[in-house]
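In: I need the structure of the sequence given here:
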Amino acid sequence: MPTTAFDVESIKQSIVGKLQRYNGVTVQEATPQQLYKAVASTVRDQIMQKWMVSRRLRDAKRKRLYYLSVEFLTGRSLNCNLINLCSQENYAKALSELGIDLQTILPEEPEPALGNGGLGRLAACFLDSLSSLNIPAMGCTIRYEYGLFRQKLVEGQQVELPDNWLQNGNVWEVARTEDTCTVEFNGHVEEGEENGRQVFKLVDTYQIDAVPYDMPVVGYNNDCVNTLRTWSARSRANLDLTHFGEGEYLKAMEEMQMAEVISKVLYPEDKHYEGKMLRLKQHYFFTSATLQYAIKNFKKHFGNNFDLLPDKCVFHINDTHPGLAIPELIRLLIDQEGLSWEMAQRITYRCMAYTNHTVMAEALERWPVDMMKQTLPRIYMILEELNRRLCADLFKSYPDQWERIGHMAIIAYGQVHMANLCVAMSFCVNGVSQLHGKILQDSLFHDYWLLNKGKFSAITNGITHRRWLVEANPALTSLLKEAIGPGFVADASKLSDLLPYADDPAFRDKFAAVKQHNKERLQKLVKDRQNIDIDTSFVFDTQAKRLHEYKRQMLNALHIQVLYNRIVDDPNFTMPPRLFLFGAKAAPGYMRAKQTIRYINALADLIDKHPRARQMIKIVYIENYDVSTAEILIPASEISQQLSTAGKEASGTGNMKFMMNGAVTLGTMDGANVEIYEQVGIDNIYIFGMRADTVEGMYRERTYNPMSIFETNHEIRKAMSQWLDGTLFPHEPMAMQ
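Out: The predicted model follows:
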């Protein structure tokens, strides 16, 4: 049974006591940051007892999931934890009696910079769901000190600033220094023999400590608290006092700084060799640390009976980044635990599950053989042996089909192919929508699918409605509770009870009032953050997602430019006033994406300067789009643009968040849009464009001819010509060349 929430008096006493003990201030004297920490610490106290019980249960006999992901985009924790603890009302009342509005201290919490886009947000939603379903799980990633970056728009262009989210500490995390382990890089492998068996020792290595920090993930209205474990890199070297004493201060610190760079930033630029190597080290760092901990924890309860490992542990590889968990587990089982190769490979296969998140070639990771051999020499040896055995097996199924086998190999053409490794060595491979799963089977991994159709599945991504409805949209949540009761908070399927209200005029009026309220919330955010005034009578039309060519923010902007030209060229043209909202960060080295941001903002300026156009169109590019911003933007939106090229978006979850908050989708038949269409019907979603098979056919047959579109469509030709004639960039006409 769920534990009882703290009563109002206990909450007040705890907050007042923490302010006195830790800050030496009263409630009236406390700063907003001090108040936030006192409240969050009180909530953490409430969580701790549950967390301890959950750990004991998890460490007993139940099977445990380790969910490995290079990203976890969690968002803020305070309000989410209050909702899941069913304590939000008590805390709001306690704070009110102390003269504090809970809503004013929530923004004081720094948002963990542990992710960027859908990959990390999905991982966070999974952890919430696992906890709410009482399934033992640990999310594992890197404790990025500066995250991706904080986005600033300067003269319409993206500028990247460090996201120093840890500068005031993290109330929710607990350092588990007792679980610190050592990760080794470089060196060389010495082969020998002990007790009649071949042994391998990695010597002359560069060693780094991995220090774990744990954050609780609270289940809804139950006693389950799972863990998000983030690994921080720490040098094993001490300060070099010899160099320091001689005044060589930078040299004295050099080794420490070089070690700790591993956990500094998410997705370091990889267009140069050093950046690519740093990414490789990052991926091995957190997978090795996680596997070492998992083996240690397993042995504590089950000794050396490793036949039990697949029954007690499963390692979920969330995209290819953590794929090195496969050779690392084999290494640990052979080199440290003394198992035979055959047994280690069999156990590893039964422990690994892989989710593919993309069909884009650049995202299917490949590492240069020389880099892998230099950085992770023992891991490379294991990959070579895995590849040798795999290719021998493939030859039996595809004799003399060397090109086909090379396409399926782990190592081929001077590169290590991580997707092939994950598919070959996982007992389960899933796509993240029905369409994506079909593409994996019919195209990307077709040859593997022919060999083992049973291991492939399609499991459509989802979202946690407690974050994206209950927390993000309290006004709508109140309306829904009034209409159908609170049961949907625990069970989202109960939202179907709303169907009879679809044609209820009174309910629709209340819903419209909620939408207006949410538009006013966004109006305030945009004014406070960017000093831009927006008119809430406009239709709010939003495209907010990671910036990439296949997601087609450029298509959206080009359409807006065509509308602008129609207004300017035709004095009789009119349209309902529409606010176009964009939110996305461009990867620092992705110049075409950064140019798209510049183009959108130049177009916004052009429209704002035209007296007639600005009455019908406005563009706002939301700066530094993150989870907390999304929680205000999404409930305010009325149109959700999901424009990916059909067949390129694996799933998408933004489409679900927008529709759950009452926005109508305008999109292609791609990813989860297909299943949304099947659920809501043609009257409740606006679908356009080619289907995935048509797009694939055009790529295959090379029939796509953009120049003919340019030459025959005068509106597109005019808009694109304006990119270079000074209309958009009067001081730099060739900026878009």
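In: and the closest residue to T703 other than its chain neighbours, how far is that from T536?
Out: Nearest non-adjacent residue to T703, counting by CB to CB, 6 or more residues apart in numbering: G697, 7.6 Å away. For every residue, glycine as well, the C-beta is placed using N, CA and C. Per CB to CB, to the nearest Å, G697 is found 44 Å from T536.
In: show me where the stretch 301-450 of the chain has helices.
Out: For the stretch 301-450 of the chain, helices defined by DSSP state H, counting those that start in this stretch occupy the ranges 309-312, 325-331, 341-351, 369-375, 377-397, 402-408, 418-424, 434-439, 446-451.
In: Tell me which of those helices lies nearest to M277.
Out: Closest approach to M277 among the helices of the stretch 301-450 of the chain is made by helix 369-375 (5.9 Å; CB to CB).
In: winner for burial among the helices of the stretch 301-450 of the chain?
Out: Comparing the helices of the stretch 301-450 of the chain by mean neighbour count (mean count of other CB atoms under 10 Å), helix 325-331 comes out on top with a mean of 27.
In: What helices and strands are in contact with that one?
Out: In terms of contacts (3 or more CB pairs under 8 Å, 6 or more residues apart in numbering; DSSP states H and E), helix 325-331 is packed against helix 273-302, strand 313-318, helix 341-351, strand 352-355, helix 377-397, helix 418-424.
In: Format the ones you listed as a markdown table; extra columns: distance to W723.
Out: Shown next, in a markdown table, are those (distance: least, CB to CB, whole Å):
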| stretch | distance to W723 |
| --- | --- |
| helix 273-302 | 31 |
| strand 313-318 | 38 |
| helix 341-351 | 52 |
| strand 352-355 | 39 |
| helix 377-397 | 46 |
| helix 418-424 | 36 |
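In: export the ones you listed to a markdown table and tack on mean pLDDT?
Out: A markdown table is the format used below for these (pLDDT from 0 to 100):
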| stretch | mean pLDDT |
| --- | --- |
| helix 273-302 | 97 |
| strand 313-318 | 98 |
| helix 341-351 | 99 |
| strand 352-355 | 98 |
| helix 377-397 | 98 |
| helix 418-424 | 98 |
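In: Specify the stretch among the ones you listed that is closest to Y564.
Out: Going by CB to CB, the one of the helices and strands packed on helix 325-331 nearest Y564 is helix 273-302, 39.3 Å.
In: for the one helix or strand the residue nearest to T703 maps to, the distance to its chain's centre please.
Out: When elements are defined using DSSP states H and E, G697 is found to belong to helix 692-701. Relative to the chain's own centre, helix 692-701 is displaced by 29 Å; criterion: CA atoms, centre = their mean, to the nearest Å.
In: so where is the protein shaky, pLDDT-wise?
Out: 1-5, 58-60, 238-255 (pLDDT under 70).
In: domains of it?
Out: 1-60+76-109, 61-75+111-426, 465-704 (automatic domain parsing).
In: hang on, the earlier thing: could you point out which of the helices of the stretch 301-450 of the chain sits nearest D626?
Out: Closest approach to D626 among the helices of the stretch 301-450 of the chain is made by helix 434-439 (25.7 Å; CB to CB).
In: what does that closest one rub up against?
Out: 356, 359, 430-431, 456-460, 647, 650-651, 669-671, 674-675, 692 (CB atoms under 8 Å, 6 or more residues apart in numbering).
In: So which of these are in strands?
Out: Of those, the ones assigned to strands by DSSP state E are N430, G431, F456, S457, A458.
In: Compute the first-to-last residue distance for stretch 537-552.
Out: Taking CA to CA, to the nearest Å, stretch 537-552 runs 27 Å from one end to the other.
In: hang on, the earlier thing: which parts of the following helix or strand past the helix holding G697 are buried?
Out: Downstream of helix 692-701, the next assigned helix or strand under DSSP H and E is helix 706-712. Applying a neighbour-count criterion of 16 or more other CB atoms under 10 Å, one finds nothing buried in helix 706-712.
In: List the contacts of helix 706-712.
Out: Contacts to helix 706-712, defined as CB under 8 Å, 6+ apart, come from residues I716, R717, M720.
In: The first one touches L558, doesn't it?
Out: Yes - when contacts are counted by CB atoms under 8 Å, I716 is listed as touching L558 (7.1 Å).
In: related to what we said a few turns ago, mind checking which of the helices of the stretch 301-450 of the chain is nearest D204?
Out: That would be helix 377-397 among the helices of the stretch 301-450 of the chain, by CB to CB, at 10.1 Å.
In: So for G697 and T536, which residue has more residues nearby?
Out: T536 (16 against 13; other CB atoms under 10 Å).
In: and the closest residue to the more buried one other than its chain neighbours, how many residues sit next to it?
Out: Nearest residue to T536 in three dimensions, chain neighbours excluded: K519, at 4.3 Å (CB to CB, 6+ apart). The local packing of K519 (other CB under 10 Å) involves 21 other residues.
In: Over to D442?
Out: Per other CB under 10 Å, the neighbour tally for D442 reads 12.
In: Use 33 as the first number for this chain going forward.
Out: Fine by me, first position is 33 from now on; the one you just mentioned is D474.
In: Distance check, the nearest residue to it once chain neighbours are set aside against A385.
Out: Leaving aside its sequence neighbours, D474 sits nearest to W481 (CB to CB, 6+ apart; 8.0 Å). W481 sits 16 Å away from A385, going by CB to CB.
In: One more: I327?
Out: According to CB to CB, I327 stands 18 Å off from A385.
In: cool, S683 as well?
Out: From S683 to A385 the distance is 17 Å (CB to CB).
In: again, but for R624
Out: For R624, the distance to A385 - CB to CB - is 34 Å.
In: Okay, strands next: where are they in the stretch 83-232 of the chain?
Out: With DSSP state E, counting those that start in this stretch, the ranges of strands along the stretch 83-232 of the chain come out as 96-100, 169-174, 182-186, 189-193, 206-207, 213-217, 220-226, 229-235.
In: Packed most tightly, which of these would that be?
Out: Most buried among the strands of the stretch 83-232 of the chain, given mean count of other CB under 10 Å as the contact rule, is strand 169-174, at a mean of 26.
In: List the strands paired with that strand, with their directions.
Out: Applying DSSP bridges to the sheet, strand 169-174 is found paired with strand 96-100 (parallel), strand 257-267 (parallel).
In: Mind telling me which residue is nearest the centre of the protein?
Out: Centroid-nearest residue in the chain, with CA atoms, centre = their mean: G152, separated by 1.4 Å.
In: Quick one: residues contacting it.
Out: S101, E103, F104, L105, L146.
In: G694 too?
Out: L508, F543, V546, K547, P667, E670 are the contacts of G694 under CB under 8 Å, 6+ apart.
In: go again using 10 Å as the cut-off
Out: With contact taken as CB atoms under 10 Å, 6 or more residues apart in numbering, G694 is in contact with 505, 508, 543-544, 546-547, 550, 666-670, 672.
In: Quick check, E397 in contact with L453.
Out: Yes - E397 is within contact range of L453, at 9.5 Å (criterion: CB atoms under 10 Å).
In: which neighbours do the two share?
Out: Taking CB under 10 Å, 6+ apart as the contact rule, E397 and L453 both touch T352, G355, L356.
In: now, which of those lie within strands?
Out: Among those, no member lies in strands (by DSSP E).
In: out of these, who's nearest H333?
Out: L356 (25.5 Å).
In: my guess is the closest one meets S320, correct?
Out: Yes - L356 lies in contact with S320 (CB under 10 Å); the separation is 7.6 Å.
In: neighbour count winner among the two?
Out: L356 (29 against 26).
In: CA atoms only: put stretch 182-192 into PDB for me.
Out: Output of stretch 182-192 as PDB, limited to C-alpha atoms (Å, rounded to 0.1, in the frame of the first residue of the first chain):
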ATOM      1  CA  ARG A 182      22.200  26.700 -23.300                       C
ATOM      2  CA  GLN A 183      20.900  28.300 -26.500                       C
ATOM      3  CA  LYS A 184      21.000  32.100 -26.900                       C
ATOM      4  CA  LEU A 185      19.700  33.900 -30.000                       C
ATOM      5  CA  VAL A 186      21.900  36.800 -31.000                       C
ATOM      6  CA  GLU A 187      20.800  38.700 -34.100                       C
ATOM      7  CA  GLY A 188      18.700  35.800 -35.100                       C
ATOM      8  CA  GLN A 189      21.600  33.300 -34.900                       C
ATOM      9  CA  GLN A 190      22.200  30.500 -32.400                       C
ATOM     10  CA  VAL A 191      25.000  31.000 -29.900                       C
ATOM     11  CA  GLU A 192      25.900  28.100 -27.600                       C
END
